[in-house]
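Visitor: Here is my input; please provide its structure:
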Amino acid sequence: MLYVEDGAAQIMDAAIYKYEDEFEIDFPLYEYLDITRGDGYDISISGAKSLAAFIETRIKNNDPVEIPQGYEDRVY
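Guide: Next up, the predicted model:
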């Protein structure tokens, strides 16, 4: 279970949607929870903003993130 600060999900979801629309692949969120953590949450507002900036940079540079082998088969 992820602990999400009120308001953070909307920021994160918008960024992930933009990424997935641009690259036409799923974004591996669980690989980037270190970016979203803060203030006692797995996904804080400041972390969601950091993730959005990270994603924006990847889109700008046309550089999708690497998806580790077996990522889709993991149980979270």
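
Visitor: so where is this protein shaky, pLDDT-wise?
Guide: 75-76 (pLDDT under 70).

Visitor: Spatially central residue in this protein, please.
Guide: Nearest residue to the geometric centre of the chain (Cα atoms, centre = their mean): L29, 4.3 Å.

Visitor: Just give the closest residue to that one, not the sequence neighbours.
Guide: I16 (6.7 Å; Cβ to Cβ, 6 or more residues apart in numbering). C-beta here means a position set from N, CA and C on the backbone, and glycine is covered the same way.

Visitor: Neighbours of the one you found, how many?
Guide: 18 (other Cβ atoms under 10 Å).

Visitor: who touches it in this structure?
Guide: F27, L29, I55 (Cβ atoms under 8 Å, 6 or more residues apart in numbering).

Visitor: TSV please, covering those and showing secondary structure and distance to M1.
Guide: Listed next are the contacts of I16 as TSV, based on DSSP: H, G, I helix; E, B strand; the rest coil; distance: Cβ to Cβ, whole Å:
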residue	secondary structure	distance to M1
F27	coil	20
L29	helix	14
I55	helix	23
